[in-house]
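**Q** next come a sequence and a model predicted from it.
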Amino acid sequence: MTAHFLAFSPQVAAAREAGRPIVALESTIIAHGMQYPQNVETAREVEALIRELGAEPATIAVIGGRIRIGLSDAELELLGRSGEAAKVSRRDLPAVLASGGLGATTVAGTMICAALAGIEVFVTGGIGGVHRGAETSFDISADLQELAKTSVAVVCAGAKSILDIGLTLEYLETHGVPVISCEQDNFAAFYTRDSGFKADYRMDDPAALARFIRTKWQLGLAGGVVVSTPVPQPDAMPREEIDTITQQALAEATQQGITGKAVTPFLLARIKALTGGRSLATNIALVKHNASVGARIALALGKC
């Protein structure tokens, strides 16, 4: 019933036919996470990195009433330049598909589309989570619910440091979502390597990670797996600095009445401005590192 919504790029279609591993990539980072031209340049570099490692990248977006699994250069440019792409999570997917509009998929939206396309590994920057002050705002990302129900492994640099990471991990635990850290014991915090919270497990070997993921799903335990890997040390930002800047950006968002889906893009833009652009360099570095880890996991999963 869903197949007619999916449109595979020639490269992804060929990879599926050959049984080669495919790695899903989100498009919100292109449309809402970075400015042009860095957004499109980064997307192309990440795709090239995945191909060099032997997997096929599949950047996902909603264009012309179809879920595009793999984008052409023209489609990447469209997302990067338009400024009009809707932010597509679970609740938004039917509306954007039915209207034929342009949509950039979030973590949750990309997980849904990847699962429909039979893709097991998805690489993003950082997952969404429980926002600071959620005890009064009830602002909890749909990413967390999606992780509880959709069987896709999500490779990330932890959760965005603008969030309440402790409560995010508690939420994931409650919903039975395993959190695995790669390269260190603690869960990462996007711009900074260490959130101060331990992950459920540490696994550095892609083959061990693949066995864990495959075993979970073979047991009938539906839902995602979070694989956290820290930004490379030379590109990381000091935790104290980013915490201070985040608090300032959060205060500005409150003063300006910014809520809902507009919060994260606003905070990321303000943090970029307040760091003089250094946070963008960190963001690009962590996405590339996540892509290399995700590609290796996809290759290992293909052997399980």
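**A** Nice, thanks for sending it over.

**Q** output the below-cut-off pLDDT ranges for the stretch 151-300 of the chain.
**A** Low-confidence segments of the stretch 151-300 of the chain (pLDDT under 70): none present.

**Q** can you map out the strands along it?
**A** Along the stretch 151-300 of the chain, the segments classed as strands by DSSP state E, counting those that start in this stretch run 153-156, 179-181, 201-202, 225-228.

**Q** the helix or strand containing residue 68: how far from the chain's middle?
**A** Following DSSP states H and E, one finds residue 68 within strand 66-69. Averaging C-alpha positions (CA atoms, centre = their mean, to the nearest Å) puts strand 66-69 17 Å from its chain's average.

**Q** residue 284: what's it in contact with?
**A** 34, 38, 42 (CB atoms under 8 Å, 6 or more residues apart in numbering). (C-beta placed from N, C-alpha, C; glycine too.)

**Q** residue 242 too?
**A** 161, 191-192, 271, 275, 279.

**Q** which non-adjacent residue is nearest it?
**A** Distance criterion CB to CB, 6 or more residues apart in numbering; nearest residue to residue 242, sequence neighbours excluded, is residue 191 at 4.9 Å.

**Q** same check, this time on residue 275
**A** The shortest distance from residue 275 to any non-neighbouring residue, by CB to CB, 6+ apart, is to residue 245 (6.4 Å).

**Q** wait, the one you found touches residue 271, no?
**A** Yes. Using CB atoms under 8 Å, residue 245 is in contact with residue 271, at 5.6 Å.

**Q** so these two - more neighbours on which side?
**A** Just comparing residue 245 and residue 271: by other CB atoms under 10 Å the higher neighbour count belongs to residue 271, 25 against 22.

**Q** got a list of what that one touches?
**A** Residue 271 neighbours (CB under 8 Å, 6+ apart): 162, 191, 242, 245-246, 249, 279.

**Q** for residue 127, same thing?
**A** Contacts here follow CB under 8 Å, 6+ apart; on that basis residue 127 touches 107, 141, 143-144, 147, 154, 156, 158-160, 168, 226.

**Q** just residue 106 next, same as before
**A** 26, 28, 87-89, 128, 142-143.

**Q** reformat the strands of the stretch 151-300 of the chain as CSV; add distance to residue 132 and mean neighbour count.
**A** Formatted as CSV, the strands of the stretch 151-300 of the chain follow (distance: least, CB to CB, whole Å; neighbours: other CB atoms under 10 Å):
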stretch, distance to residue 132, mean neighbour count
strand 153-156, 19, 27
strand 179-181, 19, 23
strand 201-202, 26, 14
strand 225-228, 19, 26
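
**Q** how near is residue 244 to residue 251?
**A** 11 Å (CB to CB, to the nearest Å).

**Q** residues near residue 160, how many?
**A** 24.

**Q** and the strand holding residue 68, what does it pack onto?
**A** Strand 66-69 sits against strand 6-8, strand 56-63, helix 107-116, with contacts defined as 3 or more CB pairs under 8 Å, 6 or more residues apart in numbering; DSSP states H and E.

**Q** neighbouring contacts of the helix or strand hosting residue 39?
**A** Element membership of residue 39, judged by DSSP H and E, is helix 38-52. Residues outside helix 38-52 that contact it (CB under 8 Å, 6+ apart): 23, 25, 29-31, 33-34, 56-57, 59, 73, 76-77, 79-81, 123, 280, 284, 287-288, 291-292, 294-295.

**Q** just the buried residues out of these, in PyMOL syntax.
**A** To isolate the buried members of those in PyMOL, using 16 or more other CB atoms under 10 Å:
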select buried, resi 23+25+29+30+31+33+34+56+57+59+76+77+79+80+123+280+284+287+288+291+292+294+295
